[in-house]
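K.L.:
Fold the following.
(chains A and B)
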Amino acid sequence: DGGITQSPKYLFRKEGQNVTLSCEQNLNHDAMYWYRQDPGQGLRLIYYSQIVNDFQKGDIAEGYSVSREKKESFPLTVTSAQKNPTAFYLCASSIRGQTIYQPQHFGDGTRLSIL
Amino acid sequence: QKEVEQNSGPLSVPEGAIASLNCTYSDRVSQSFFWYRQYSGKSPELIMSIYSNGDKEDGRFTAQLNKASQYVSLLIRDSQPSDSATYLCAVRNAGNMLTFGGGTRLMVKP
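P.N.:
Numbering: from 1, shown residues only, chains lettered A, B, ... in the order given. Alright, predicted model coming up:
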């Protein structure tokens, strides 16, 4: 079955530690996205990538980094510079192109907490 | 700042009633609109998309779009307790990004 796999499901970060969240998709989608969701809130865009080896900052990129070395993979690193990392992190993907008929599909999410 | 606004709720309806969820957006050039359902602790799931003014029906769900008023809504007929979730409105802008509203929490009471 095609889909988006995020791992781990739960992650705990110690003070001063960098942690990496994995996102893999086998939908052959060019575009991939990372969102952060805080309790009772909507989704805020952290980073997105429309093509391999290219990515752009979203609305809340500070304290985060990404890479896009393969079409299938878009890992997110939460660095020690992100002082409030506790949130639900969602990875999404979509077909790239000019057509407007392109919903984003989501993985199951990673819940990150501070130890 | 492009914004998408939703009433956070909770919106409480009895089982079998029609639930009406509303969303307004600020970017006049927005072209496509999506409704996602998110159960507590889960990821969003796409349930409806709409691109043209008017109504679009899919089973118990109807999406309504009025671009002149910058308003999109989702109607759920014959609401079931299993429809209890948070409903997120998302708007695609000219830059091909989605902007999400804060979501409306729907509670369907048996």
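K.L.:
State the distance from A:Ile4 to chain B.
P.N.:
Computed as C-beta to the nearest C-beta, to the nearest Å, the A:Ile4 to chain B distance reads 9 Å. To be clear about C-beta, it is placed using only N, CA and C from the backbone, and glycine gets the same treatment.
K.L.:
mind listing what that residue touches?
P.N.:
Residues near A:Ile4 by C-beta atoms under 8 Å, 6 or more residues apart in numbering or on different chains: A:Cys23, A:Glu24, A:Gln25, A:Leu27, A:Cys91, A:Ala92, A:Ser93, A:His105, A:Phe106, A:Gly107, A:Asp108.
K.L.:
Bridged to it, which residues?
P.N.:
A:Gln25 (DSSP bridges).
K.L.:
So for it, what's the pLDDT?
P.N.:
On the pLDDT scale, A:Ile4 is placed at 96.
K.L.:
so the most centrally placed residue in chain A is in which element?
P.N.:
Chain A has A:Trp34 as the residue nearest its centroid, 2.7 Å off, counting by C-alpha atoms, centre = their mean. Secondary structure assignment for A:Trp34, by DSSP states H and E: strand A:31-37.
K.L.:
Give me the sheet partners of that strand and which way each runs.
P.N.:
When DSSP bridges is applied, strand A:31-37 pairs with strand A:43-51 (antiparallel), strand A:87-94 (antiparallel).
K.L.:
elements contacting the helix or strand just after the last one?
P.N.:
In this case it means strand A:87-94. The C-terminal neighbour of strand A:87-94 among helices and strands, as given by DSSP H and E, is strand A:105-106. Here strand A:105-106 touches strand A:87-94, going by 3 or more C-beta pairs under 8 Å, 6 or more residues apart in numbering or on different chains; DSSP states H and E.
K.L.:
Return the distance of the strand holding A:Trp34 from the chain's centre.
P.N.:
Put simply, strand A:31-37 sits 4 Å off its chain's centre (C-alpha atoms, centre = their mean, to the nearest Å).
K.L.:
Give me the buried stretch members for that strand, please.
P.N.:
Going by neighbour count (16 or more other C-beta atoms under 10 Å in any protein chain shown), the buried part of strand A:31-37 is A:Ala31, A:Met32, A:Tyr33, A:Trp34, A:Tyr35, A:Arg36, A:Gln37.
K.L.:
Near A:Lys9, how many other residues are there?
P.N.:
If you count neighbours by other C-beta atoms under 10 Å in any protein chain shown, A:Lys9 ends up with 9.
K.L.:
A:Tyr89 is in contact with that one, correct?
P.N.:
No: the criterion here is C-beta atoms under 8 Å, and A:Lys9 misses it with A:Tyr89 at 10.8 Å.
K.L.:
how close does B:Arg92 sit to B:Gln80?
P.N.:
29 Å (C-beta to C-beta, to the nearest Å).
K.L.:
Neighbour count: these two, which is higher?
P.N.:
B:Arg92 (23 against 13).
K.L.:
now that one, nearest residue through space, not along the chain?
P.N.:
B:Ser32 (4.4 Å; C-beta to C-beta, 6 or more residues apart in numbering or on different chains).
K.L.:
Quick one: neighbours of the one you found, just the number.
P.N.:
Counted with other C-beta under 10 Å, residues neighbouring B:Ser32 total 20.
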